[in-house]
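# below is the structure, and that's it, no one-letter string:
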Ligand SMILES: CC(C)(C)OC(=O)N[C@@H]1CNC[C@H](C(=O)N(Cc2cccc(Cl)c2Cl)C2CC2)C1
């Protein structure tokens, strides 16, 4: 079936600037799910009808019921994902998955158990990995690869817009097959992905104001649409936070809201360009009953070699820089988001 001009938009919902998700459907008749389109992984999973009713994270989310789909194909192979903060266990099934109106017959995972942490906080039901096939668990061909092989897309790329303000509508947009000029200004600057078959690039440095520098010998930056924040090596992030006077408490780094206006920019040197984030981009300002709370959207995370040390550029970076993920040329492009 023909899709407008070979580009297919999916509107996203923005939950508190930390979770961005859009609707897909699985099965016939369609069973709809909200999924995070996650460039940091490459599998599709949704909660299963067979999930234990005692699993809080399961019964508070939409669940796939194979018995209600006439296009369901049994598979049954085991599946599990170990996240930093939790896990997903289940089994594989196959059915018609529709993304932005494009149907594909897809092997996906039914989550029969979802750890309460972190999924009780998830406003989305599941995850659609937008990563390369070599990252896919159980060697399953990812959805975007199956869509590319249908040759319905104008270009073998997808792009992501994340709004910076939950009251904004739409909260974001995923475009399969191109970009949406409504959501960026100026030109794209591109950089090649590292040959690892992941959405990651070589970063030349991270600086704060004129003196503080990190990643001075070069390091890896993962562009991860499924992460809420920016993470970097714990020692670097803690030095960076010290510079801006942030204190670490149980729920992350906090600053006094009175100091926010005077906070310095943090600049990421990628592909010959400098991408700066101002306090507007990296402070999450929440007005709460006991007063305003200003959270710094950076986290320390030490990823062991050979993958690490890495910086993960998540939603707060993408909200400032509209991102194009180009599978044809194995490159990532950034343009200033509107
Ligand atoms: C090694 C492998 C398992 C492939 O690594 C990954 O899958 N790595 C994923 C990389 N992208 C972020 C993913 C993640 O952390 N979450 C959890 C999450 C994120 C933000 C907010 C909430 Cl509430 C939650 Cl639950 C998935 C929803 C995307 C892990």
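In hand now; what should we look at? All of these numbers come straight from a predicted model, not from anything done at the bench.

# please look at residue 34 and residue 11 and confirm they touch.
No. Using C-beta atoms under 8 Å, residue 34 makes no contact with residue 11, being 11.4 Å away. The C-beta positions use only the backbone N, C-alpha and C, and glycine is treated the same way.

# between these two, which is the more surrounded one?
Comparing residue 34 with residue 11 by other C-beta atoms under 10 Å, the one with more neighbours is residue 34, at 20 against 14.

# name the nearest residue to the closest residue to the ligand within the stretch 1-150 of the chain, ignoring sequence neighbours.
With C-beta to the nearest ligand atom as the measure, residue 40 is the residue of the stretch 1-150 of the chain nearest to the ligand, at 2.6 Å. Of all residues not flanking residue 40 in the chain, residue 224 sits nearest, at 3.9 Å (C-beta to C-beta, 6 or more residues apart in numbering).

# report the contact partners of residue 274.
Going by C-beta atoms under 8 Å, 6 or more residues apart in numbering, residue 274 touches 267, 268.

# tell me what it is bridged to.
residue 269 (DSSP bridges).

# what about the stretch 1-150 of the chain, any weak spots by pLDDT?
Residues of the stretch 1-150 of the chain meeting the criterion pLDDT under 70: 1-4.

# can you pull the contacts of the residue in the stretch 151-300 of the chain positioned nearest to the ligand?
Residue of the stretch 151-300 of the chain nearest the ligand, by C-beta to the nearest ligand atom: residue 226 (3.1 Å). Residue 226 sits next to 36, 37, 38, 39, 40, 41, 127, 314 when contact means C-beta under 8 Å, 6+ apart.

# ok, now with 7 Å
Neighbour list for residue 226: 36, 38, 39, 40, 41, 127 [criterion: C-beta atoms under 7 Å, 6 or more residues apart in numbering].

# so the second one makes contact with residue 124?
The one in question is residue 38. No. Distance between residue 38 and residue 124: 9.9 Å, which falls outside the contact criterion (C-beta atoms under 7 Å).

# returning to what we had before: now do the same contact list for the residue nearest to residue 40.
Residues counted as contacts of residue 224 (C-beta under 7 Å, 6+ apart) are 39, 40, 312, 313, 314.

# what pLDDT does the model give it?
With respect to pLDDT, residue 224 has a value of 98.

# just to revisit the earlier point, quick one: which two of the contacts of residue 226 are the most distant?
Using C-beta to C-beta, the contacts of residue 226 span at most 11.0 Å, a distance reached by 39 and 127.
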